[in-house]
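*Asks:* Quick one, fold the following:
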Amino acid sequence: MIENSGYLGRYWHMLDDGRMQCDLCPRDCKLHEGQRGACFVRMRQDDQMILTTYGRSSGFCIDPIEKKPLNHFYPGSSVLSFGTAGCNLACKFCQNWDISKSKDMDRLMDQASPAAIASAAEQYGCKSVAFTYNDPVIFAEYAMDVADACHERGIKTVAVTAGYMHDQARRDFYAKIDAANVDLKAFTDDFYFKLTGSHLQPVLDTLRYLKHETNVWFEITTLLIPGQNDSSEEITAMCQWIKNELGTDVPLHFSAFHPDYKMSDIPATPVTTLVRAREIAIREGLKFVYTGNVHNQEGDTTFCPSCNAPLIVRDWYQINQYRLTKDGCCPDCATNIAGRFDEQAGHFGRKRIPIAINTARV
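*Replies:* Alright, predicted model coming up:
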């Protein structure tokens, strides 16, 4: 058993049969003394919920914000990214499985307090800090404390998440978050159940909550897997739901699958599939649709939804042209572009910079 980390997690209650139920996510793990939840990092110890990864990370990197992906949240800016270990989903196609599926706490070699992370972000000139690589839902308390420390220094916070949370935890968590990219992994519960060990409805609930009850800027990513969630019918149904429930301004990213983890026998997603999906989404009325994990400049570019002028031209994560006015409008027809923008784009580029954080920094 890992020694008590000293950090007590929230979101649990005791059941009549003596077990402890975790109330963080819809898995509702019911724990005997010494047991961990399905995420592996939330543990019952001495009749308390212990967050075993608090203050510990699988590594820190500075990335372009477009890598999250967020195309409408301060384009060109840099973001300090980090994650921990474990996950509350069981995706057979996980692209970060060595981190998210890890039960090896020794992988968490980097340690940093919330204040140290915020200080490092400020030192390196990062606009924001991202909770990513594995799902921040499972280290929500740590992420929220980091968010508080960041906001004290004027630094934004970003969550890259599958959106699989219960309502109270969701409300607490997103009160601290400035932007999110939510994985909408498919649009059938059958896919979610068989390939992720979860359900679709809680994710839809999170998306509705973000749209209608918060000021969080959010974008959506769907990883298209050949033969699993890439039919024109399913893509159409998903886009219609987004349009009707969230509106047409929410950016949607279609990302290419690469064979990995337990689905290494599935071929990579062809570029033609992403192009077809993007065309469907635009035809259904979505204004900002992108392609990811492939080189496709048209699918990287932000176009004006009114006059179709190219406004933010990207090559991978490099911004080659930025034509928004200072109030975030198209200079040709004055259409307002949804998002969070500065007058000028950042110039971080496509590089990815691993960093170490001084644990003594406050």
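*Asks:* Show me what counts as buried in stretch 25-35.
*Replies:* For stretch 25-35, the neighbour count (16 or more other CB atoms under 10 Å) marks Cys25, Arg27, Cys29, Leu31 as buried. Glycine gets a C-beta too; all of them are placed from N, C-alpha and C.
*Asks:* right, and the third one touches Gln21 too?
*Replies:* Yes. Taking CB atoms under 8 Å as the contact criterion, Cys29 and Gln21 are neighbours in contact, 7.1 Å apart.
*Asks:* Pull the contacting residues for Lys326.
*Replies:* Glu343 (CB atoms under 8 Å, 6 or more residues apart in numbering).
*Asks:* Could you verify that it is part of a strand?
*Replies:* No. Lys326 is assigned coil when assessed by DSSP: H, G, I helix; E, B strand; the rest coil, not a strand.
*Asks:* Distance check, Ala309 against Arg340.
*Replies:* 20 Å (CB to CB, to the nearest Å).
*Asks:* Asp265 now?
*Replies:* According to CB to CB, Asp265 and Arg340 sit 41 Å apart.
*Asks:* Neighbour count: those two, which is higher?
*Replies:* Between Asp265 and Arg340, Arg340 has the larger neighbour count (other CB atoms under 10 Å), namely 16 against 6.
*Asks:* Next one, pLDDT for that one please.
*Replies:* At Arg340, the predicted lDDT confidence score is 98.
*Asks:* I figured it hits Ala179, correct?
*Replies:* Yes. Look at Arg340 against Ala179 with CB under 8 Å: they come within range, at 7.0 Å.
*Asks:* and Phe218, what is it in contact with?
*Replies:* Ala179, Ala180, Asn181, Val182, Leu207, Leu210, Lys211, Val250.
*Asks:* Am I right that it sits in a strand?
*Replies:* Yes. Using three-state DSSP, the assignment for Phe218 is a strand.
*Asks:* any idea how far Lys127 is from it?
*Replies:* Phe218 is 17 Å from Lys127, by CB to CB.
*Asks:* May I have the beta-bridge partners of the closest residue in space to Arg36 that isn't next to it in sequence?
*Replies:* Distance criterion CB to CB, 6 or more residues apart in numbering; nearest residue to Arg36, sequence neighbours excluded, is Met43 at 4.5 Å. Bridge pairing for Met43 (DSSP bridges) gives the partners Arg36, Ile50.
*Asks:* Strands along the stretch 151-300 of the chain, start to end?
*Replies:* Taking DSSP state E, counting those that start in this stretch, the strands of the stretch 151-300 of the chain run over residues 156-161, 179-183, 217-224, 252-256, 289-292.
*Asks:* Show me the domain layout of this structure.
*Replies:* 12-51, 57-355 (automatic domain parsing).
*Asks:* quick one: contacts for Ile242?
*Replies:* Ile220, Val250, Leu252, Leu286.
*Asks:* Kindly report the same for Cys307.
*Replies:* Cys330, Asp332, Cys333, Thr335.
*Asks:* buried subset of these?
*Replies:* For the contacts of Cys307, buried by 16+ other CB under 10 Å: Cys330, Thr335.
*Asks:* Closest to Asp172 out of the contacts of Cys307?
*Replies:* Thr335 (35.9 Å; CB to CB).
*Asks:* Go ahead and confirm that closest one touches Gly328.
*Replies:* No. Using CB under 8 Å, Thr335 is not in contact with Gly328; the gap is 9.9 Å.
*Asks:* overlap in contacts of Cys29 and Gln21?
*Replies:* Contacts common to Cys29 and Gln21, judged by CB under 8 Å, 6+ apart, are absent.
*Asks:* intersection of neighbour lists for Arg340 and Ala179?
*Replies:* Joint contacts of Arg340 and Ala179 (CB under 8 Å, 6+ apart) are Phe73, Trp217.
*Asks:* what pairs with the helix or strand containing Leu311, and is each one parallel or antiparallel?
*Replies:* According to DSSP states H and E, Leu311 maps onto strand 310-315. Note on strand 310-315: by DSSP bridges, its sheet partners are strand 302-303 (antiparallel), strand 318-322 (antiparallel).
*Asks:* So in this protein, where's the weakest helix or strand by average pLDDT?
*Replies:* Least confident helix or strand, the chain: helix 97-100 with a mean of 55, by mean pLDDT, DSSP states H and E.
*Asks:* If you rank the contacts of Phe218 by neighbours, which is first?
*Replies:* Top of the contacts of Phe218 by neighbour count (other CB under 10 Å): Ala180, with 28 neighbours.
*Asks:* Provide a list of residues in contact with that residue.
*Replies:* Val158, Ala159, Val160, Thr161, Tyr174, Leu210, Val216, Trp217, Phe218, Glu219.
*Asks:* The fourth one reaches Asn134, doesn't it?
*Replies:* Okay, so that is Thr161. No. Applying CB under 8 Å, one finds Thr161 not in contact with Asn134, separated by 9.7 Å.
*Asks:* Looking at these two, which has the bigger crowd around it?
*Replies:* Between Thr161 and Asn134, Asn134 has the larger neighbour count (other CB under 10 Å), namely 29 against 26.
*Asks:* Pull up the gap between that one and Leu80, please.
*Replies:* 16 Å.
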